[in-house]
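Asker: Need a 3D model of the sequence below.
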Amino acid sequence: MSRLKRINKPYFIFLIWNVLMIVAVRGLTFQHEPGRGVSGNGNLGLLVLAPSLLTFLILCIWTTNLSKWWLYDQRQRWGGKIHACVPFAALLLCVLSVAWELHTINDLRLQLNGFTNDPDSAVYRFGWLNQYTNTLFYNVPILLFGLSFSILTGWLMEWKLRSPRST
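Answerer: Residues are numbered from 1 along each chain as shown. From the prediction side, this is the model:
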């Protein structure tokens, strides 16, 4: 397990890749400007959104596995009280990222003057996945939630692995 004690370079590169995918999704998502619009005939963000969600899923699974084994290695060194802080911190980050995502959704709703069912909206009858709303499906709060939830899941798996009831 010595390779888990140092920075896992492939994991770190994959994490950076996911951040770059967020930047790409944001870059290919149009910002609505009142009085101006796009035709609605194309959504370049979909070209990046689909593979980015796949890499996000792989990153979450990888994070769960790494955190499980890293926490297993660190349990003896940290002790029980500090080791118990991990799920609380992960849960807190999950809650904060959900609040941040809800704030992002509300900001976009205000920018677009409503969503797909509002006649005054810029995306009226476009559908949920359109050139203005790609960032709702993959952004920093979603990445933060996925990583936090993965760490929490890894902690639960490690707890089950070390639990005296499992022997």
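Asker: now Asn43, nearest residue through space, not along the chain?
Answerer: Using C-beta to C-beta, 6 or more residues apart in numbering and skipping residues adjacent in sequence, the residue nearest Asn43 is Gln131, 4.6 Å away. Every C-beta, even on glycine, is put in place using the N, C-alpha and C of the backbone.
Asker: wait, Gly154
Answerer: Closest to Gly154 by C-beta to C-beta, 6+ apart is Ser67, at 3.1 Å.
Asker: how much space between that neighbour and Ala50?
Answerer: Distance, Ser67 to Ala50, using C-beta to C-beta, to the nearest Å: 26 Å.
Asker: Near the residue nearest to Asn43, how many other residues are there?
Answerer: 21 (other C-beta atoms under 10 Å).
Asker: Report the buried residues of stretch 142-159.
Answerer: Buried residues in stretch 142-159, counted by 16 or more other C-beta atoms under 10 Å: 142-155, 157-159.
Asker: try stretch 24-35
Answerer: Of the residues in stretch 24-35, those buried under the neighbour-count criterion (16+ other C-beta under 10 Å) are Ala24, Val25, Arg26, Leu28, Thr29, Phe30, His32.
Asker: Contacts made by that stretch with the rest, please.
Answerer: By C-beta atoms under 8 Å, 6 or more residues apart in numbering, the list of residues contacting stretch 24-35 from outside reads 38, 44-45, 47-49, 52, 111-112, 122, 131-135, 137-139.
Asker: quick one: it to chain centroid distance?
Answerer: Distance of stretch 24-35 from its chain centroid, counting by C-alpha atoms, centre = their mean, to the nearest Å, is 20 Å.
Asker: Let me see the mean pLDDT of it.
Answerer: Mean pLDDT, stretch 24-35: 80.
Asker: still on that earlier bit, adding secondary structure and distance to Pro87, write the buried residues of stretch 24-35 out as JSON lines.
Answerer: As requested, those are exported to JSON lines (DSSP: H, G, I helix; E, B strand; the rest coil; distance: C-beta to C-beta, whole Å):
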{"residue": "Ala24", "secondary structure": "helix", "distance to Pro87": "32"}
{"residue": "Val25", "secondary structure": "helix", "distance to Pro87": "30"}
{"residue": "Arg26", "secondary structure": "helix", "distance to Pro87": "31"}
{"residue": "Leu28", "secondary structure": "coil", "distance to Pro87": "36"}
{"residue": "Thr29", "secondary structure": "coil", "distance to Pro87": "34"}
{"residue": "Phe30", "secondary structure": "coil", "distance to Pro87": "40"}
{"residue": "His32", "secondary structure": "coil", "distance to Pro87": "40"}
